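In: have a look at this fold, sequence not included:
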């Protein structure tokens with residue numbers, strides 16, 4: 001059982017708290033991260049801007065002025081609880097003398113300690129079509145040679161897996177996908193490319209991922225999807241989110257151009 005203590009929460013600025021959920025990348029830690037996000041959704045904390053999940057933590061961004069304005073207007077000197085999406089213990093210090101971080105920390109801790117009753121969000125599986133090799137996957141043959149496989153065997157292994165979206169990062173909508181077979185896990189390139197095209201599917205160590213935008217990048221490029229991962233005019237703008245499951249399916253170059261720019 002994970003031990004939630006004050007040491008698991010720490011400020012990184014006057015308007016952000018990191019909630020540490022573990023110290024490794026694993027399904028168990030990921031489920032804890034998702035449970036924290038679900039808990040925060042249910043708390044409806046005044047001033048909450050965003051909860052951002054990562055491999056082993058959640059960063060909570062909030063407006064300290066809105067939080068303390070709510071506290072000041074809803075908590076009198078004799079009250080022992082505060083109503084913020086439920087009834088929570090009052091901070092140990094008086095609200096007029098407590099920093100927003102300490103107040104929020106003391107508000108969060110009891111809920112974290114009762115996390116076993118919080119159900120994570122329902123997950124979904126998204127199938128991503130990929131045209132492997134050739135111009136779209138210039139490193140496919142290299143990955144195959146490293147593991148004494150044929151390119152077709154690399155494709156078969158890559159498309160056989162189901163991958164977990166641990167987090168989004170690096171670029172808007174870039175999914176870090178866990179679950180890559182050790183048979184095709186390959187270190188990043190020694191020299192990154194100055195430009196990797198949007199939709200490129202890559203391997204970086206024990207993870208696979210998809211470049212949502214054209215950016216520099218050092219992952220081994222094995223294919224490209226015609227599906228748009230980042231849609232700035234949509235809400236949410238990213239096709240994938242932490243907690244999703246991803247499967248890849250191979251398509252021909254003709255199918256790639258038929259589906260280019262599609263949203264799903």
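Out: Sure thing, it's come through. All values derive from a computational prediction rather than experimental measurement.
In: can you pull out the strands in the stretch 101-250 of the chain?
Out: Residue ranges of the strands in the stretch 101-250 of the chain, as given by DSSP state E, counting those that start in this stretch, are 125-132, 163-168, 175-178, 193-196, 200-204, 207-210, 215-217, 220-224, 245-250.
In: now do the shortest one: everything it contacts.
Out: Defining contact as CB atoms under 8 Å, 6 or more residues apart in numbering, one finds that strand 215-217 is touched by 170-171, 192-196, 200, 202, 211. C-betas here are computed from N, CA, C, even on glycine.
In: could you identify the buried members of those residues?
Out: Buried members of those, scored by 16 or more other CB atoms under 10 Å, are 170-171, 193, 196, 200, 202, 211.
In: mind putting the residues you listed into a markdown table with distance to residue 63 and pLDDT?
Out: A markdown table is the format used below for these (distance: CB to CB, whole Å; pLDDT from 0 to 100):
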| residue | distance to residue 63 | pLDDT |
| --- | --- | --- |
| 170 | 26 | 91 |
| 171 | 26 | 93 |
| 193 | 39 | 97 |
| 196 | 36 | 98 |
| 200 | 37 | 98 |
| 202 | 37 | 98 |
| 211 | 33 | 98 |
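In: pull the contacting residues for residue 159.
Out: Contact partners of residue 159, counting by CB under 8 Å, 6+ apart, are 130, 247-250.
In: how about those, which pair is most distant?
Out: Greatest spatial distance in these: 247 and 250, 11.3 Å, computed using CB to CB.
In: higher neighbour count, those two?
Out: Legend: neighbour count by other CB atoms under 10 Å for residue 247 and residue 250, higher for residue 250 (16 against 13).
In: pLDDT of whichever helix or strand residue 35 is part of, averaged?
Out: In the assignment (DSSP states H and E), residue 35 maps to helix 27-43. Averaging pLDDT along helix 27-43 gives 90.
In: tilt between it and strand 163-168?
Out: Interaxial angle, helix 27-43 versus strand 163-168 (axes from the mean of the first three to the mean of the last three CA atoms, to 10 degrees): 60 degrees.
In: does residue 200 touch residue 135 like I think?
Out: No. Between residue 200 and residue 135 there is no contact under CB atoms under 8 Å: 10.7 Å.
In: picking up where we left off before, would JSON lines of the strands of the stretch 101-250 of the chain with distance to residue 10 be doable?
Out: Formatted as JSON lines, the strands of the stretch 101-250 of the chain follow (distance: least, CB to CB, whole Å):
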{"stretch": "strand 125-132", "distance to residue 10": "33"}
{"stretch": "strand 163-168", "distance to residue 10": "19"}
{"stretch": "strand 175-178", "distance to residue 10": "23"}
{"stretch": "strand 193-196", "distance to residue 10": "34"}
{"stretch": "strand 200-204", "distance to residue 10": "28"}
{"stretch": "strand 207-210", "distance to residue 10": "26"}
{"stretch": "strand 215-217", "distance to residue 10": "30"}
{"stretch": "strand 220-224", "distance to residue 10": "35"}
{"stretch": "strand 245-250", "distance to residue 10": "31"}
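In: out of those strands, which is closest to residue 29?
Out: Taking CB to CB, strand 163-168 is the member of the strands of the stretch 101-250 of the chain nearest to residue 29, at 9.1 Å.
In: mind checking how far the closest residue to residue 217 other than its chain neighbours is from residue 36?
Out: Closest residue to residue 217 apart from its sequence neighbours, by CB to CB, 6 or more residues apart in numbering: residue 196 at 3.9 Å. Going from residue 196 to residue 36 by CB to CB, to the nearest Å gives 32 Å.
In: fine by me, thanks again.
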